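In: model this:
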Amino acid sequence: MIVREKPGFLALFFVFQGSIAPRVMPQIILVSLLAALTVVLHDHFPDFFPELTTTSFGFIGVALSLYLGFRNNACYERWWEGRKLWGQLLVEGRSLLRLSLSYRGQDSERHQRMVRRLIGFTQCLRDQLRGTDPMPGLANWLSFAELAQIEASVNRPEAILGLLGEQLATEVKSGGLDPVTVRNFEQRLVSLSEVVAGCERLGNTPLPFAYMLLVHRICYIYCLLLPFGLVASSGILTPLLTAIVAYAFFGLDELSQELENPFGQTDNGLALDSMTRTFERECLQALGTPTLPEPHASKNFRLS
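Out: Numbering: from 1, shown residues only. Here you go, the predicted model:
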């Protein structure tokens, strides 16, 4: 995720970190070359080109803008929902930390086991959403028996929540916690399970492919035909004007694809590493660890 102040007027045109421009540059160059070729042909064979006006292109442009606007709003809503889900994860995780510390004490073995499992759960969910293997990182927080159980599970974050639930059941049977207190713990675990399900819903349910295909086709058709409508009135400025329109339309389309998956490791993806490290620091503090890992800092304005 890009974190930086708004650049100045001149710097605004030279910012590439986080910009969508490099990714749509091939399309911009393509339509600009086509526009330049159209200008040359129009100068040598003016009768070859039909007398097109910009009015018809204006109507198509408005329709395309509505399509792109709707798609970008839908993708940003997915991005923002992903951020709210991880915000809920932090809230429920901190609530579990507070309950465990209050009812067990910092030196309790059961408290330490729950906190380590919470760290493992957060990191496991992050890695699962990004499609990476969480097992190497989990080795720092779970026992060998727990690792074997988690590795054999279909849904590993839910399996860690299952371990936490089993721990609470054991404590009830042994008289370590009363049923009312356990109910408070269980409510937090249910909320964390809802976070997992919400993140899976975002990750496994993309926007309809047919809608994406429709927007792609209209963008290409519009930008490839636009030089023929501008060349008669704009002349040598046709490539520049076409490039600006292509940057706007292709850029919005590409940006919406990036926001569609809020958990990806892109410049505009959510900073899951930073949020995971924040929660890890709070968990280690709840364990009484004297030296905490440093929080993640942005590199070249990018916070991962």
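In: Can you list the low-confidence ranges for the stretch 151-300 of the chain?
Out: 300 (pLDDT under 70).
In: where's the helix or strand Trp80 falls within relative to the chain centroid, distance-wise?
Out: Using DSSP states H and E, Trp80 maps to helix 54-104. From the chain centre to the centre of helix 54-104 is a distance of 9 Å (Cα atoms, centre = their mean, to the nearest Å).
In: other SSEs contacting that helix?
Out: In terms of contacts (3 or more Cβ pairs under 8 Å, 6 or more residues apart in numbering; DSSP states H and E), helix 54-104 is packed against helix 109-130, helix 179-204, helix 209-234, helix 238-260, helix 272-286. C-beta: built from backbone N, CA, C; applies to glycine.
In: export those helices to a markdown table and tack on mean neighbour count and distance to Leu147?
Out: What follows is those, written out as a markdown table (neighbours: other Cβ atoms under 10 Å; distance: least, Cβ to Cβ, whole Å):
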| stretch | mean neighbour count | distance to Leu147 |
| --- | --- | --- |
| helix 109-130 | 22 | 9 |
| helix 179-204 | 16 | 19 |
| helix 209-234 | 17 | 38 |
| helix 238-260 | 20 | 33 |
| helix 272-286 | 19 | 18 |
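In: Let me know which of the ones you listed is the nearest to Val62.
Out: Nearest to Val62, of all the helices and strands packed on helix 54-104, is helix 209-234, at 11.0 Å by Cβ to Cβ.
In: helices or strands up against that closest one?
Out: helix 21-44, helix 54-104, helix 238-260.
In: Now do it against helix 238-260, angle only.
Out: Computed by axes from the mean of the first three to the mean of the last three Cα atoms, to 10 degrees, the angle separating helix 209-234 from helix 238-260 equals 160 degrees.
In: Pull the distance from helix 209-234 to the chain's centre.
Out: Centre-to-centre, helix 209-234 and its host chain are 28 Å apart (Cα atoms, centre = their mean).
In: hang on, Asp267 is in a helix, isn't it?
Out: No: counting by DSSP: H, G, I helix; E, B strand; the rest coil, Asp267 is located in no helix; its state is coil.
In: next one: phi and psi at it?
Out: Per-residue torsions, Asp267: phi -60, psi -30 (degrees, to the nearest 10).
In: count of residues packed around it?
Out: Asp267: 19 surrounding residues under other Cβ atoms under 10 Å.
In: out of the helices and strands packed on helix 209-234, nearest to Pro295?
Out: Nearest to Pro295, of the helices and strands packed on helix 209-234 and by Cβ to Cβ, is helix 54-104 at 13.8 Å.
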